[in-house]
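Visitor: what would the 3D arrangement of this be:
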Amino acid sequence: MSRLLLLCFCLAAVQLQAQPLGLPAVPIPANNPMSADKIELGERLFNDVRFSSTAQISCSTCHDAEKAFADYPLSVSLGIRDLAGTRNAPTVVNAAYNKTQFWDGRSPDLEDQSQHPFVNPVEMGLPNHQPILLVIRNDPDYRQAFDRVFHIEAGAITMEHVKMAIAAFERTLVSGDSPFDRFYFGGDDTAMSDAAKRGFDVFLKDGRCVSCHTIEQDHALFTDHRFHNIGIGINDMAGRVPELSSAFMLAKQRGTDVDVAVLTDEDTSHLGRFAISDDVADMGAFKTPTLRNVDVTGPYMHDGSLETLREVIEHYNNGGVTHPDDAVNPYLSGGIRPLNLTEKQMNDLEAFMKALTSPQYVRGGNQE
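Guide: Numbering: from 1, shown residues only. Modelled structure (predicted):
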């Protein structure tokens, strides 16, 4: 090995092991170790529009690097032929730390998650995964790349290899080093504004945000990885839930594809984790999202129904309803109740959440 190649290899190894301030080490599955070549291959697959039925949509269409790997300002993403789904595209940044993927946790890891959008009729619209393999096996550059990473010939390439490469790339999309991280973990008292510091106090105390958006002693993922009914979507259909859930359970028993159902039917989408677990306790519950980069990854909630951070804060302040006179659904999680925050507290809390933006994703001077 030449000295130049050795240097490149060492630099790549350092890059893979680095972790930003405020984050733990990225969990790497034993059956999918990282390498610079695999990451490069995964990035190319992530951006390839040929893996859609119209040859116009890629993973990066809805998870845009220029938009913190989310889909601002769309409430729900548009797939082939501008078909609209029912879910807001969550950022891929720091998804490597998620214990489950998708809003309802229906995929256990990044590898499994990566395969579903290709064949969803309102996303990339392929009939199956075979067209992807045909493209790859007939592309000389892909053939060389897969051989270099997995040591296999073109005919042996499978979706398992594709999934592992995409997941490896996604595990490099991590970001910390926010003003909060520099203040809290770095000890820099000047890193956050006074308003953000007051907002952090609200976050910990009167706002009770930290109950679900957790902070550990040496890192902060701002999620408990659990599922909660916070009164979004299901409030408006609460009276129809028994009928809708029974109909869905019957359809599921008859073989309905859950991945397709939750993205093509609004009512089914609002059933949340229940559609996966069949547990009534999960009715209308969705995964706690990370708050990192939250200021630049709106709109918010699983359906993108809240446009601004202030609307999100007011929803929680109202006790799980968007408007104070709205009805509360009977499946609301127990910890959701009116907060009685003042205007000043809500302003400060918003300032704190804006201080969770990593430098590379700052947009429009939002950095505290």
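Visitor: check the gap between residue 50 and residue 136 for me.
Guide: As judged by C-beta to C-beta, to the nearest Å, residue 50 and residue 136 stand 9 Å apart. Heads up, the C-betas are built off the backbone N, CA and C, glycines and all.
Visitor: surely residue 244 meets residue 271?
Guide: Yes - the criterion here is C-beta atoms under 8 Å, and residue 244 meets it with residue 271 at 6.9 Å.
Visitor: quick check: which ranges of the stretch 51-200 of the chain have low pLDDT?
Guide: By pLDDT under 70, the stretch 51-200 of the chain has no low-scoring segment.
Visitor: show me the helices in it, by range?
Guide: For the stretch 51-200 of the chain, the helices defined by DSSP state H, counting those that start in this stretch occupy 59-62, 110-119, 130-137, 140-150, 159-170, 179-184, 194-204.
Visitor: turn these into CSV, including mean neighbour count and distance to residue 289.
Guide: Below are those laid out as CSV (neighbours: other C-beta atoms under 10 Å; distance: least, C-beta to C-beta, whole Å):
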stretch, mean neighbour count, distance to residue 289
helix 59-62, 22, 16
helix 110-119, 21, 15
helix 130-137, 16, 29
helix 140-150, 16, 31
helix 159-170, 22, 16
helix 179-184, 23, 16
helix 194-204, 20, 15
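Visitor: can you list these in TSV and add distance to residue 277?
Guide: Shown next, in TSV, are those (distance: least, C-beta to C-beta, whole Å):
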stretch	distance to residue 277
helix 59-62	25
helix 110-119	17
helix 130-137	30
helix 140-150	35
helix 159-170	24
helix 179-184	33
helix 194-204	29
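Visitor: distance of the residue lying closest to residue 47 once chain neighbours are set aside relative to residue 174?
Guide: Excluding the flanking residues, the one nearest residue 47 by C-beta to C-beta, 6 or more residues apart in numbering is residue 60, at 4.8 Å. Using C-beta to C-beta, we find residue 60 at a distance of 17 Å from residue 174.
Visitor: likewise for residue 145?
Guide: 23 Å.
Visitor: thought residue 270 was touching residue 231?
Guide: No - under the criterion of C-beta under 8 Å, residue 270 is not in contact with residue 231, lying 10.9 Å apart.
Visitor: anything in contact with each of these two?
Guide: Applying C-beta atoms under 8 Å, 6 or more residues apart in numbering, one finds that residue 270 and residue 231 are jointly contacted by residue 284.
Visitor: any idea how far residue 362 is from residue 195?
Guide: Distance, residue 362 to residue 195, using C-beta to C-beta: 17 Å.
Visitor: I am finished for the moment; much appreciated.
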